[in-house]
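K.L.:
Predicted model and sequence follow; I will ask about them next.
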2 protein chains.
Amino acid sequence: MSILVVGSIALDRVETPFAHVDEALGGAASYFSLAASLYDQVNLVGIVGSDFPQEHLDFWRSHAINLAGLQVQEGKTFRWSGRYYMDMNLRETLDTQLGVYADFHPVIPEEYRRSSLVFLANIQPELQLEVLEQIPHARLTVLDTMELWIKTERARLTEVIKRVDALLMSEEEVRQYTEQSSISSGVRHLLQLGLQFVVVKQGSYGALLFGADGTYFSAPAYPLEEVVDPTGAGDAFAGGFLGYLSTVKVGSDNRYSVEDLRRAVVHGNIIGSFVCADFSIGRLRTLTMPDITTRYKELVACSHFDPDWCASDR
Amino acid sequence: MSILVVGSIALDRVETPFAHVDEALGGAASYFSLAASLYDQVNLVGIVGSDFPQEHLDFWRSHAINLAGLQVQEGKTFRWSGRYYMDMNLRETLDTQLGVYADFHPVIPEEYRRSSLVFLANIQPELQLEVLEQIPHARLTVLDTMELWIKTERARLTEVIKRVDALLMSEEEVRQYTEQSSISSGVRHLLQLGLQFVVVKQGSYGALLFGADGTYFSAPAYPLEEVVDPTGAGDAFAGGFLGYLSTVKVGSDNRYSVEDLRRAVVHGNIIGSFVCADFSIGRLRTLTMPDITTRYKELVACSHFDPDWCASDR
């Protein structure tokens, strides 16, 4: 199995109430690739400028990350700068410098075309459509997006949603796109566009899974003593989610079971929680499968409760 | 067993993006009493004016709510008015008219003094201390508070925290009181004041339980298709929480087990979720124990996941 990801690669400046970092490796595809490569082979498609540090390329190559689809072009790498507040669920984008990303068009190398899972990170819907044209037979296509495209590219985004199997959205994005105050109602609108399932990311509150078949699952967040930098947590969530699914055998209908999808959401939450523990992809550098297993068990222990409340008391 | 509650009784005006209601029965003690009376006898202490509708008194009397501690005084009942936004986790208080509540001092009738559980709803810390003086031997004392007292009565509030067994706070209140960005760190500060446990209410995201013994539990929220009015959900949460505990046998150390506390938090979430389905105490009028049992089972089904992720795949 392998997982294709198409998305941004950036050099970030991030400010929190407590510290800041400059020229740090960022971008959705960076976080996703490192997270998913803990589980399986990742096929990366993206673009960087000629100023992109060699150390990051070397680092990726030392992981299960195929760079055949990485374009390196004369010019500047995409820069993003943002600030967090005391409630680190709140973020403000301070500056965006597209650089070489401005003219990016994803090209899927021949060797990537048998990728069984595809993750379309939050790039322009038009580019996401270009990717889908080039890889029409994936087992599972998962879409991410962002407020900017909901506001400026709504029609095109809707076209992409109709062509993928699953969608990851934050609660705020569900509200913006569907114009529904209730997440449940909003997700029902989304599922009616033909999606198999929708995962709603809730930041430090965990995540929800809604299936077209009526599946509903609420996954607990891993409790963090300290959040250093939440940047990339959503992309790392996606990496854990698709990474886990990539290790699972599907049934004869080529679909994942509800239990597999539940476990995948939990893995997403776990990987997302690790990312918050350091700036940039720092914590992903040292993360191991035993670390993940430990948090999985901790999440079971802190979220399950007596399935029959009557038994002992009434 | 019985549960003593001291808190506000109000007539509310509530606006949401979709509707509004006027002169509706409100106040923390109203919500708490009705919720807790589903489980056990409630002993209510509060004050209303001579304009307080007789129908509410009759309604309370038709439930397991003792009104011996309700003061009825010449003048106007406490009025509160608030507005909610599209994200109904956000609320603004528009107006507060104290009326007879301005001179309120709680008096605990003799027949209430054997109440085994005490809930101090979010009234002034000074009044909460007056209650504790009058009922020094309860098995469990639980404190609620609000932003106003954190800002204006911090020292007195700290005095109350040091004298109770448990504290209910919203996440925002934990941050305000402890000046910690991390909820876990904030709660650790609170536990160091001598509390047995802290329950952190997360609005539509559920609730967290932290024990001085290291207990940590994350309870899922019940998924609501539609939120009509979240007013009183926190007080109803407290009613479900203490109500459930009131039905439980404690050990020889006179303390609740971790499993009982977990179940109690789940009951709190369930009762809180029902309250949101209608304005004022509307949904509590018709709520039955079978309704609660159904939601309990639904919460188990939508939040538990395979405790061993390796088993089936690796």
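P.N.:
Happy to help now that I have it.
K.L.:
does residue A:17 really touch residue A:85, like I thought?
P.N.:
Yes. The criterion here is C-beta atoms under 8 Å, and residue A:17 meets it with residue A:85 at 6.8 Å. C-beta coordinates here come from the backbone N, C-alpha and C atoms, glycine included.
K.L.:
near chain B, which residues of the stretch 201-314 of chain A?
P.N.:
Within the stretch 201-314 of chain A, the positions near chain B by C-beta under 8 Å from any C-beta of the partner chain are A:202, A:205-206, A:208, A:216-221, A:223-227, A:244, A:247-249, A:259, A:262-263, A:266-267, A:293, A:296-297, A:300, A:302-307, A:309-310, A:312-314.
K.L.:
which helix of chain A spans the most residues?
P.N.:
Determined from DSSP state H, the single longest helix within chain A is helix A:258-275.
K.L.:
Just the ones of the residues of the stretch 201-314 of chain A next to chain B in strands?
P.N.:
A:208, A:216-219 (DSSP state E).
K.L.:
what two of those are the furthest from one another?
P.N.:
A:216 and A:219 (11.0 Å; C-beta to C-beta).
K.L.:
okay, and the common contacts of those two?
P.N.:
Common neighbours of residue A:216 and residue A:219 (criterion: C-beta atoms under 8 Å, 6 or more residues apart in numbering or on different chains): A:208-209.
K.L.:
With neighbour numbers in mind, choose between the two.
P.N.:
residue A:219 (28 against 16; other C-beta atoms under 10 Å in any protein chain shown).
K.L.:
Verify the contact between that one and residue A:264 for me.
P.N.:
No. Shown here, residue A:219 and residue A:264 do not form a contact pair, counting by C-beta under 8 Å, at 9.5 Å.
K.L.:
which residues does residue A:226 contact?
P.N.:
A:277, B:182, B:184-185.
K.L.:
and these, which are buried?
P.N.:
A:277, B:182, B:184 (16 or more other C-beta atoms under 10 Å in any protein chain shown).
K.L.:
so of those residues, which ones are in helices?
P.N.:
Reading helices off these with DSSP H, I get residue B:184.
K.L.:
Can you show me the strands along chain A?
P.N.:
Here chain A has its strands, by DSSP E, at A:2-6, A:10-15, A:20-26, A:41-49, A:65-73, A:79-84, A:91-97, A:117-120, A:140-143, A:166-170, A:197-201, A:207-211, A:216-219.
K.L.:
do you know which of those lies nearest residue B:152?
P.N.:
Checked against C-beta to C-beta, the stretch from the strands of chain A lying closest is strand A:79-84, at 28.8 Å.
K.L.:
mind listing what's buried in the closest one?
P.N.:
A:79-82, A:84.
K.L.:
re earlier: could you save the strands of chain A as TSV and add columns showing mean pLDDT?
P.N.:
Listed next are the strands of chain A as TSV, based on pLDDT from 0 to 100:
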stretch	mean pLDDT
strand A:2-6	97
strand A:10-15	97
strand A:20-26	96
strand A:41-49	98
strand A:65-73	98
strand A:79-84	96
strand A:91-97	93
strand A:117-120	98
strand A:140-143	98
strand A:166-170	97
strand A:197-201	98
strand A:207-211	98
strand A:216-219	97
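K.L.:
Now distance to residue B:40 too, for those, in TSV please.
P.N.:
Shown next, in TSV, are these (distance: least, C-beta to C-beta, whole Å):
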stretch	distance to residue B:40
strand A:2-6	54
strand A:10-15	51
strand A:20-26	53
strand A:41-49	56
strand A:65-73	59
strand A:79-84	45
strand A:91-97	45
strand A:117-120	51
strand A:140-143	48
strand A:166-170	41
strand A:197-201	37
strand A:207-211	33
strand A:216-219	29
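K.L.:
Just the residues contacting stretch A:37-44, thanks.
P.N.:
For stretch A:37-44, using C-beta under 8 Å, 6+ apart, the contacting residues are A:1-5, A:29, A:32-33, A:36, A:60, A:63-70, A:109, A:111-112, A:115, A:239-240, A:243-244, A:246-247, A:271, A:284, A:287-289, A:292.
K.L.:
how about low-confidence regions in the stretch 151-300 of chain A?
P.N.:
Residue ranges of the stretch 151-300 of chain A with pLDDT under 70: none are present.
K.L.:
How many neighbouring residues does residue A:148 have?
P.N.:
By the criterion of other C-beta under 10 Å, residue A:148 has 12 neighbours.
K.L.:
next one: residue A:175
P.N.:
When neighbours are counted by other C-beta under 10 Å, residue A:175 registers 18.
K.L.:
quick one: it from chain B, how far?
P.N.:
Separation of residue A:175 from chain B (C-beta to the nearest C-beta, to the nearest Å): 7 Å.
K.L.:
In the stretch 201-314 of chain A, mark out all the helices, start to finish.
P.N.:
Counting by DSSP state H, counting those that start in this stretch, the segments of the stretch 201-314 of chain A that form helices are A:233-246, A:258-275, A:282-286, A:289-303.
K.L.:
Please work out which of those is packed deepest.
P.N.:
Among the helices of the stretch 201-314 of chain A, the stretch with the highest mean neighbour count (mean count of other C-beta atoms under 10 Å in any protein chain shown) is helix A:233-246, at a mean of 28.
K.L.:
same for that helix, what does it pack against?
P.N.:
In terms of contacts (3 or more C-beta pairs under 8 Å, 6 or more residues apart in numbering or on different chains; DSSP states H and E), helix A:233-246 is packed against strand A:2-6, helix A:28-36, strand A:117-120, strand A:140-143, strand A:166-170, strand A:197-201, helix A:258-275.
K.L.:
residues in the stretch 51-200 of chain A within reach of chain B, list them.
P.N.:
A:86-88, A:172, A:175, A:181-185.
K.L.:
got those as TSV, with distance to residue B:54 columns?
P.N.:
Output for those, formatted as TSV (distance: C-beta to C-beta, whole Å):
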residue	distance to residue B:54
A:86	47
A:87	44
A:88	50
A:172	45
A:175	42
A:181	36
A:182	36
A:183	40
A:184	39
A:185	39
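K.L.:
got the CA positions of the longest helix of chain A in CSV?
P.N.:
Taking Å, rounded to 0.1, in the frame of the first residue of the first chain, the C-alpha atoms of helix A:258-275 are listed here in CSV:
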residue,chain,number,x,y,z
VAL,A,258,-16.8,1.2,10.9
GLU,A,259,-14.5,-0.2,13.6
ASP,A,260,-11.4,0.5,11.3
LEU,A,261,-12.6,4.1,10.7
ARG,A,262,-13.1,4.6,14.5
ARG,A,263,-9.6,3.4,15.2
ALA,A,264,-8.3,5.6,12.4
VAL,A,265,-9.9,8.7,14.0
VAL,A,266,-8.3,7.8,17.3
HIS,A,267,-4.9,7.5,15.5
GLY,A,268,-5.5,10.9,13.9
ASN,A,269,-6.1,12.4,17.3
ILE,A,270,-3.0,10.8,18.8
ILE,A,271,-0.7,12.0,16.0
GLY,A,272,-2.3,15.5,16.1
SER,A,273,-1.6,15.6,19.9
PHE,A,274,2.1,14.7,19.5
VAL,A,275,2.6,17.5,16.9
